[in-house]
Structure formats: structure tokens, C-alpha cells
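In: when you get a sec, could you give me coordinates for this:
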Amino acid sequence: MRKSKLVSLLVVLTLMSCAKQKEKEIYKFEKILEIDGNENPFFTPTGFEIDNKGRYLVLDHMASRIFLFNDSGGLISEFGGKGEAPGEFSFLRPRLDRDTAGFFYFIDQMNKIVIFNSEMEYFRTFIIPGGVIFDVAALDTSHIYVNQALSIAKESENVILLLNSRGEVLGEFGVIDKDIKEMDLWKANAYRSCAMELDEESNLYYTSIADYRIYKYDPSGNLMFSVKGNTPYEVIFSEDHNFNSIVWDMRIRRGKIFVLWAQGGEERGHRVDVFDKDEGLFLGYFYTGIP
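Out: This is a model prediction of the structure:
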């Protein structure tokens with residue numbers, strides 16, 4: 001009996017040791033480039049993409065402008081700006097995406113998608129009536145996914161809409177692992193707000209920024225897996241209807257899922273968790289290096 005208990009204890013300790021070994025820092029970075037916003041003291045970068053020519057697109061949501069830089073950090077051009085004309089924004093949100101053809105998708109206010117082509121020329125705007133959009137991910141102009149923080153169909157639990165560039169709804173799917181039926185609407189919207197990303201096979205990944213669980217769906221809207229992220233933080237709601245989220249962003253690169261934490265980061269920058277995109281296995285983490 002003692003031998004059996006000893007073997008069981010050794011197995012448990014071994015499993016615990018393996019679990020701890022997986023929680024490891026797997027990347028460390030050195031700064032190779034810094035973009036200062038062309039010495040603009042009011043530069044507030046909140047979104048970033050790389051175009052099909054290797055240039056850097058930086059979104060400044062406070063100015064409602066987009067800046068284009070070369071790979072050395074030199075300013076090439078800027079576009080957008082506050083206004084009502086085509087290609088201008090009433091209030092540019094801090095999320096954007098690029099599709100396979102190089103088109104860029106921006107969120108204006110909370111219910112408009114504004115599209116520019118690969119030459120940074122205005123292409124089209126469409127409105128989602130009654131919707132509150134948190135994030136956008138596009139395969140092409142016929143397959144545009146938006147996260148609806150406020151459901152258009154109030155009875156619907158789906159958080160993802162598939163649209164074309166005319167704003168027509170082609171489908172909806174996706175849920176969150178949280179019972180929000182009895183919540184105040186503004187708190188429910190926090191849980192329904194999801195960071196999203198597409199991979200090269202057109203699979204869609206998302207996680208609620210208030211409840212850290214990653215979901216992967218195939219192009220037909222079928223759930224492939226979900227995996228719970230591990231963080232010591234919880235969403236913090238304040239009396240003025242603001243909140244501090246757990247997750248801020250998600251990216252898919254080189255066969256991996258990268259999830260950026262929204263809290264912490266005072267010393268080494270915010271933490272980024274890394275998962276295998278095929279099976280959802282946790283691989284490790286790294287820090288952005290930007291406090």
C-alpha cells in the first residue's frame with residue numbers, strides 16, 4: 001500500500017513539474033526601430049498593421065488619422081482625419097485589419113466599417129444598423145467578420161457576424177463562455193467585446209476581452225476548439241460604466257496564437273501568451289518590453 005501511495009505521489013509531482021516547465025518565457029526582444037510620430041506631441045498610436053509592400057500603418061484614434069511609414073520609420077503619408085467626407089472619420093476606433101488583397105478595414109464610431117484599397121485610397125463605407133462593433137477581421141471584400149458587442153438581434157447569443165462590403169449579413173455564429181442574460185447591458189457588452197483574427201486557412205479566432213477563452217472556428221462557422229487562458233487578473237468594472245479588460249489584442253502568425261494582456265506591464269511591458277494555433281496548446285509567453 002505504501003509503495004502504491006509513493007508511486008502515485010511521484011506521478012503527481014512529475015505532472016506538476018511538467019506544468020510548471022510549460023509556463024516559461026520563450027522569446028526576448030531587442031528594440032530595432034522606434035517611430036516617434038513625426039515629432040507630433042499629440043501622437044497616440046493605438047493600432048498597427050503592415051501593408052503588402054512591407055510598410056507600417058499606424059492608427060491614431062485620437063486624431064482619427066492613419067500614418068504610413070517606411071521600414072526605416074520615415075513618414076511617407078497620412079490620411080483620414082475628422083470629418084464627414086468619404087475617407088474621413090467621425091471617431092476612429094483603435095482596431096483595424098488587412099485582407100489578402102491588401103485592403104484595409106477601419107471602424108468609425110461603433111457601427112461603420114470604412115475600407116481603403118492597397119494604395120490607401122478610399123474604397124467604401126457601410127453601416128451596421130443597431131450594431132456596436134468592437135473588432136474587424138477580413139478575408140476579402142466579400143468575407144468581412146465583425147464582433148458585435150451589442151447584438152443586432154437582441155435574442156441572439158452569437159457574437160460574430162459575416163458580412164460583405166455592402167453590409168449585408170451573410171451569417172452569424174460564435175458564443176462566449178459567460179452567462180450574461182441577467183447582467184447590465186454595458187457589462188454584457190464588455191464580455192461580448194472580442195479581439196479577432198483570421199489565419200491563412202481562413203479559420204477565425206477570437207477571445208472576449210473580459211473573459212479569457214480562445215475560440216477557433218472554421219470558415220463554415222463550426223467550432224474547432226476552445227481553450228481557457230490563464231491570468232491572475234480579472235475584469236474591473238467601475239461606477240462610471242468603464243472597465244479594465246483582461247485581454248487587449250490577438251494575432252495569428254507563423255502557426256501560433258499571440259494574446260496580449262491588457263493589465264500589468266509596469267516593468268517589462270505587457271505579457272503576451274503564445275498558443276499553438278492547430279490544437280490550442282499553451283507554448284509559453286514573452287513581454288513586449290514597453291512599460
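
In: which element is Ile107 on?
Out: Assessed by DSSP states H and E, Ile107 sits inside strand 104-108.

In: ok, now Lys187?
Out: In the assignment (DSSP H and E), Lys187 maps to helix 185-192.

In: so which elements touch the helix or strand following that helix?
Out: Once helix 185-192 ends, the next helix or strand along the chain (criterion: DSSP H and E) is strand 194-198. Helices and strands touching strand 194-198, by 3 or more C-beta pairs under 8 Å, 6 or more residues apart in numbering; DSSP states H and E, are strand 132-140, strand 143-150, strand 204-208, strand 247-253. Any C-beta I mention is one placed from the backbone N, CA and C, and that applies to glycine too.

In: adjacent strands (with direction) for strand 194-198?
Out: Paired with strand 194-198 in the same sheet, following DSSP bridges, are strand 204-208 (antiparallel).

In: need the three-state assignment for Phe258.
Out: strand (DSSP: H, G, I helix; E, B strand; the rest coil).

In: returning to what we had before: switch the helices and strands packed on strand 194-198 over to a markdown table; also include mean neighbour count.
Out: Putting the helices and strands packed on strand 194-198 into a markdown table (neighbours: other C-beta atoms under 10 Å) gives the following:
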| stretch | mean neighbour count |
| --- | --- |
| strand 132-140 | 21 |
| strand 143-150 | 24 |
| strand 204-208 | 25 |
| strand 247-253 | 19 |
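
In: count the neighbours of Asp278 for me.
Out: Per other C-beta atoms under 10 Å, the neighbour tally for Asp278 reads 15.

In: surely it is in a helix?
Out: No - counting by three-state DSSP, Asp278 is not part of a helix but coil.

In: list the residues that contact it.
Out: Gly255 (C-beta atoms under 8 Å, 6 or more residues apart in numbering).

In: run the last query once more with 6 Å
Out: By C-beta atoms under 6 Å, 6 or more residues apart in numbering, the contact list for Asp278 is empty.

In: thinking again about what came up before, can you list the helices and strands packed on strand 194-198 in CSV and add mean pLDDT and distance to Gly81?
Out: Output for the helices and strands packed on strand 194-198, formatted as CSV (pLDDT from 0 to 100; distance: least, C-beta to C-beta, whole Å):
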stretch, mean pLDDT, distance to Gly81
strand 132-140, 94, 20
strand 143-150, 90, 23
strand 204-208, 97, 30
strand 247-253, 96, 24
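
In: take these and write them to CSV, including distance to Asp108.
Out: Listed next are the helices and strands packed on strand 194-198 as CSV, based on distance: least, C-beta to C-beta, whole Å:
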stretch, distance to Asp108
strand 132-140, 9
strand 143-150, 12
strand 204-208, 21
strand 247-253, 19
